[in-house]
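Novice: predicted model and sequence below, questions to follow.
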Amino acid sequence: MPLDERPATKLKIVVLGSAAGGGYPQWNCRCPVCDLAWQRDRRVSPRTQSSLAVTADGDHWFLLNASPDLRQQIQSTTSLWPANGRDSPIRGVFLTNGDVDHVAGLLSLRERQAFAVIGTPATLKLIEANSIFRVLDPAYVRMQPLRDGVEIDAGFGLKATPFFVPGKVPLHEESGTVSIGGVGESTLGLEIRSAGARLIYIPGCAKMSGEILRRASGADLLLFDGTTFTDDEMVRLGLSQKTAWRMGHMAITGDEGSLRAFAEVQVGRKVYTHINNTNPILIEGSSERRVVETAGWEVAYDGMEIAL
């Protein structure tokens, strides 16, 4: 097809970081999967903590979460470099929850740059209540609340609809008995659209819901929570007493896992992201990687680019 006859890109997505909290390898971990990274095994690649960049016009970008590794991620992504002076192409940051690995990167955006921080009232309240985030000058940085199911026009050809997904409060907000799997402001999915192209982004999810399946059906791209391969993964390795469920995440496998849940859902591309350092799908050629690939899933990596 001649170049001038190719369909125009409607959405461009860059996976800035594809790992769960702590990144891969995790700084203090020598589990079997991390050990391969420390040994520089070619079957694995280091990954930073989960974040996404998306644009509808190729010039103005929005981040989906701001990981603690954001400065490194920007340096690795030429599309996010400033054009001149203090003029970053980043126009806003959507937050899917208030987890440290999704909000700490905001501190790297403190140098008098105009942009919007977009999240639920509960998530914005967490940020506003923490004095360290006062480095985000309110004369430049605007807090924009999201409402469940209410579309916003972010500008520059990009529209977004947030929707609540089963989750839990951020770890730093836990106290007493922790409710897991409830649907509320603590955990969001995002439906991003431009000119008919549709992306569904859900980096954290405790269990499947009819709303998620409905949103994902017919989407061009689904980026979904791939934290652990099995629910008891970290427990079996002796690294934690918490299952994936206790951490607020669905496992990939099992009767309640995401592989089974999405098996009959028609999606253009399905990609796992927010992958924990213990998850063997990080190993190219592993039996676990083959399981997800055979089921039609891809495994996200830092720098992965997708055009819709």
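Specialist: On my side now, so go ahead.
Novice: going forward, measure contacts between C-alpha atoms and count neighbours the same way
Specialist: OK.
Novice: where do the strands sit along the protein?
Specialist: Here the chain has its strands, by DSSP state E, at 12-17, 51-55, 61-64, 90-94, 115-119, 141-145, 152-155, 158-167, 182-194, 197-202, 221-225, 269-273, 297-299, 305-307.
Novice: list of residues touching stretch 50-69?
Specialist: 9-21, 48-49, 79-80, 89-96, 100-106, 156-158, 194, 203, 273-274 (C-alpha atoms under 8 Å, 6 or more residues apart in numbering).
Novice: one more time with 7 Å, if that's ok
Specialist: Outside of stretch 50-69, the residues that reach it under the criterion C-alpha atoms under 7 Å, 6 or more residues apart in numbering are 10-20, 48-49, 89-96, 101-106, 156-158, 194, 274.
Novice: do stretch 253-272 as well
Specialist: 208, 216-226, 229-230, 250-252, 297-300.
Novice: how about it: buried residues?
Specialist: Residues Thr253, Gly257, Ser258, Leu259, Ala261, Phe262, Val267, Lys270, Val271, Tyr272 are the ones in stretch 253-272 that count as buried (16 or more other C-alpha atoms under 10 Å).
Novice: shaky segments in this structure?
Specialist: In the predicted model, the chain carries pLDDT under 70 at residues 1-8, 168-169, 171, 173-177.
Novice: count of neighbours near Arg236?
Specialist: Other residues lying near Arg236 total 12 when counted by other C-alpha atoms under 10 Å.
Novice: which of the strands of the chain sits closest to Asn84?
Specialist: Comparing the strands of the chain by their distance to Asn84 (C-alpha to C-alpha), the top pick is strand 90-94, with 13.3 Å.
Novice: the closest residue to Val54 other than its chain neighbours and Asp220, how far apart?
Specialist: Leaving out its chain neighbours, the residue that sits closest to Val54 by C-alpha to C-alpha, 6 or more residues apart in numbering is Ile13, at 4.5 Å. In this view, Ile13 and Asp220 are 12 Å apart by C-alpha to C-alpha, to the nearest Å.
Novice: check contacts around Ala19.
Specialist: Ala19 is in contact with Arg47, Thr48, Gln49, Ser50, Thr273, His274, Ile275, Asn276, counting by C-alpha under 7 Å, 6+ apart.
Novice: just put the residues you listed in a markdown table and tack on neighbour count and distance to Ala114.
Specialist: Putting those into a markdown table (neighbours: other C-alpha atoms under 10 Å; distance: C-alpha to C-alpha, whole Å) gives the following:
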| residue | neighbour count | distance to Ala114 |
| --- | --- | --- |
| Arg47 | 26 | 29 |
| Thr48 | 27 | 25 |
| Gln49 | 27 | 24 |
| Ser50 | 30 | 23 |
| Thr273 | 30 | 29 |
| His274 | 28 | 28 |
| Ile275 | 31 | 31 |
| Asn276 | 28 | 33 |
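Novice: turn those into JSON lines, including distance to Arg236.
Specialist: Conversion of the contacts of Ala19 to JSON lines gives the following (distance: C-alpha to C-alpha, whole Å):
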{"residue": "Arg47", "distance to Arg236": "23"}
{"residue": "Thr48", "distance to Arg236": "24"}
{"residue": "Gln49", "distance to Arg236": "23"}
{"residue": "Ser50", "distance to Arg236": "24"}
{"residue": "Thr273", "distance to Arg236": "22"}
{"residue": "His274", "distance to Arg236": "20"}
{"residue": "Ile275", "distance to Arg236": "17"}
{"residue": "Asn276", "distance to Arg236": "14"}
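Novice: what is the nearest of these to Gly181?
Specialist: His274 (18.0 Å).
Novice: pretty sure the closest one contacts Tyr201?
Specialist: No - judged on C-alpha atoms under 7 Å, His274 makes no contact with Tyr201 at a distance of 10.9 Å.
Novice: the most centrally placed residue in the chain - nearest residue in space that isn't next to it in sequence?
Specialist: For the chain, the residue nearest the mean C-alpha position is Pro203 (4.1 Å; C-alpha atoms, centre = their mean). In space, and not counting its chain neighbours, Pro203 is closest to Asp225: 4.3 Å by C-alpha to C-alpha, 6+ apart.
Novice: could you verify my assumption that Ile127 touches Val135?
Specialist: No - counting by C-alpha under 7 Å, Val135 is not a contact partner of Ile127; they are 11.2 Å apart.
Novice: who's more crowded, these two?
Specialist: The neighbour count for Ile127 versus Val135, taken as other C-alpha under 10 Å, is higher for Ile127 (19 against 15).
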